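Asker: Please find the sequence and the predicted model below.
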Amino acid sequence: MGLQVVFVRPMTLPEDVPTMRKAAAVVTTQGGPTCHAAIVCRALNIPCMTGVQDMAVNSNGEVVVNRLGTRHVFHCGSKVSVGLSELTLKGEKSDD
């Protein structure tokens, strides 16, 4: 099995679907149960978290999580856990 990645974006768009197909999970900072990411992931049968308000994708492609007063910064290539699997984080730069 190849490298498993978590695809992280503020929100997904139709042009993201080829990358989403390769991802082990998708996480977005915007959206909800009926957003593009949720619908596509449901169809692809891959885990998806949308509307993660404690998380931001900054202009350097880093994922910043502020949880319970603690700031965590994850860089592309960071190892993260989703459920029982260890995955590698794949982020993309945001224009935000």
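Answerer: Good, I have the coordinates. Numbering: from 1, shown residues only.

Asker: got the phi/psi numbers for the residue sitting furthest away from the middle of the chain?
Answerer: Centroid-distance maximum for the chain: Gly69 at 21.3 Å, with CA atoms, centre = their mean. Phi and psi for Gly69, reported as degrees, to the nearest 10, are phi 80, psi 0.

Asker: can you give me the helices in this protein?
Answerer: Using DSSP state H, the helices of the chain run over 17-22, 36-44.

Asker: which other residues reach the longest one?
Answerer: To tie it back to what came earlier, the one meant is helix 36-44. Applying CB atoms under 8 Å, 6 or more residues apart in numbering, the external contacts of helix 36-44 come out as 9, 11-14, 17, 20-21, 26, 28, 31-32, 47-48, 50. Just so you know, the C-beta spots here come from the backbone N, C-alpha and C atoms, and that holds for glycine as well.

Asker: what is the mean pLDDT for that helix?
Answerer: Averaged across helix 36-44, the pLDDT comes to 96.

Asker: Tell me the gap between it and the middle of its chain.
Answerer: Taking CA atoms, centre = their mean, to the nearest Å, the mean C-alpha location of helix 36-44 is offset from the chain mean by 13 Å.

Asker: And for Val17, nearest residue in space, chain neighbours not counted?
Answerer: Excluding its sequence neighbours, the residue lying closest to Val17 (CB to CB, 6 or more residues apart in numbering) is Val40, at 6.0 Å.

Asker: That neighbour - how many residues pack around it?
Answerer: 18 (other CB atoms under 10 Å).

Asker: And the one 3 residues further on, by the same measure?
Answerer: When neighbours are counted by other CB under 10 Å, Ala43 registers 10.

Asker: so how far is Pro33 from it?
Answerer: 14 Å (CB to CB, to the nearest Å).

Asker: Can you pull the residues that touch both of the two?
Answerer: Common contact partners of Ala43 and Pro33 (CB under 8 Å, 6+ apart): none.

Asker: Write a ChimeraX command that selects only the buried members of the contacts of helix 36-44.
Answerer: Of those, the buried ones go into a single ChimeraX selection, burial set by 16 or more other CB atoms under 10 Å:
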select :9,12,20,26,28,31,48,50
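
Asker: Might you report the residue contacts of the residue farthest from the centre of the chain?
Answerer: Counting by CB under 8 Å, 6+ apart, there are no residues that Gly69 touches.
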